[in-house]
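[1] Predicted structure and sequence below. I'll ask about it afterward.
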Amino acid sequence: MPRLRTDDPTASLSTWGLGESGRVWIGGHNVPGKQALEAFLASSPNLERPAEGPIDIAFVVPLTADEAVYFAAKMRARLTPEGSVWIVYPRPGLGRTGEFNGSLDDVALNLFERGFVEIGRAGVSDEYSSLGFRTEPLVPGAQGGPLY
């Protein structure tokens, strides 16, 4: 999956690496953020939401950095080889305090330590954005990485 970057206020399904259809999982405890994401995805009726099995994208809408890392790590086993995890968070400066108590830098650092790499940012709405990660297949014995 190519590195994705966008400065657009909202994403499209292709920004997240989805076509007209796909398998997504949504989790996390930030209810207003989940509602915004669900509203955005509602315009795509061909998206599947399987309770188990492989998924193309895991959307995590957390209240804390620890929650984001927990769900991303938990969903890793379900991701297809091209799959990704997108952390949905309130855009800074909009007064949505209490919806995400944490640092995206902490999320990124912890996910890097778990073998994820950042793939970009994409807007969800005027109030929410997302930060994407995918797993990086490591070559056994490569410099700087653990053996998998």
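    Okay, I see it. Residues are numbered from 1 along each chain as shown.
[2] With only the CA atoms kept, save stretch 40-49 in PDB.
    Presented in PDB, the C-alpha positions along stretch 40-49 are these (Å, rounded to 0.1, in the frame of the first residue of the first chain):
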ATOM      1  CA  PHE A  40     -19.200   9.100   6.900                       C
ATOM      2  CA  LEU A  41     -19.200   5.400   6.100                       C
ATOM      3  CA  ALA A  42     -23.000   5.100   5.900                       C
ATOM      4  CA  SER A  43     -22.800   6.500   2.300                       C
ATOM      5  CA  SER A  44     -21.000   3.300   1.300                       C
ATOM      6  CA  PRO A  45     -23.500   0.400   1.600                       C
ATOM      7  CA  ASN A  46     -21.100  -2.200   0.300                       C
ATOM      8  CA  LEU A  47     -18.800  -2.100   3.300                       C
ATOM      9  CA  GLU A  48     -18.900  -5.300   5.300                       C
ATOM     10  CA  ARG A  49     -18.500  -5.300   9.100                       C
END
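[3] just for the protein, where's the confidence low?
    For the chain, applying pLDDT under 70 flags the ranges 1-12, 137-148.
[4] Please enumerate the helices of it.
    Taking DSSP state H as the criterion, the chain carries its helices at 31-41, 65-75, 104-113.
[5] Out of those, which one sits most buried?
    Of the helices of the chain, the one with the most neighbours on average (mean count of other Cβ atoms under 10 Å) is helix 65-75, at a mean of 20. Heads up, the C-betas are built off the backbone N, CA and C, glycines and all.
[6] Provide the contact partners of that helix at residue level.
    Helix 65-75 has contacts (Cβ atoms under 8 Å, 6 or more residues apart in numbering) with 25, 27-29, 55, 58, 60, 62, 85, 87, 102-104, 106-107, 110-111, 114, 116, 133.
[7] what residues are up against the most centrally placed residue in the chain?
    In the chain, the centroid-proximal residue (Cα atoms, centre = their mean) is Trp86; its distance is 0.8 Å. Trp86 makes contact with Trp16, Ile57, Ala58, Phe59, Val60, Ala122, Ser130, Leu131, Gly132, Phe133 under the criterion Cβ under 8 Å, 6+ apart.
[8] I'd say the fifth one and Val88 touch.
    In this case it means Val60. Yes. Between Val60 and Val88 there is a contact under Cβ atoms under 8 Å: 6.9 Å.
[9] Compare those two (neighbour count), which wins?
    Using other Cβ atoms under 10 Å, the more surrounded residue of Val60 and Val88 is Val60, with 29 against 25.
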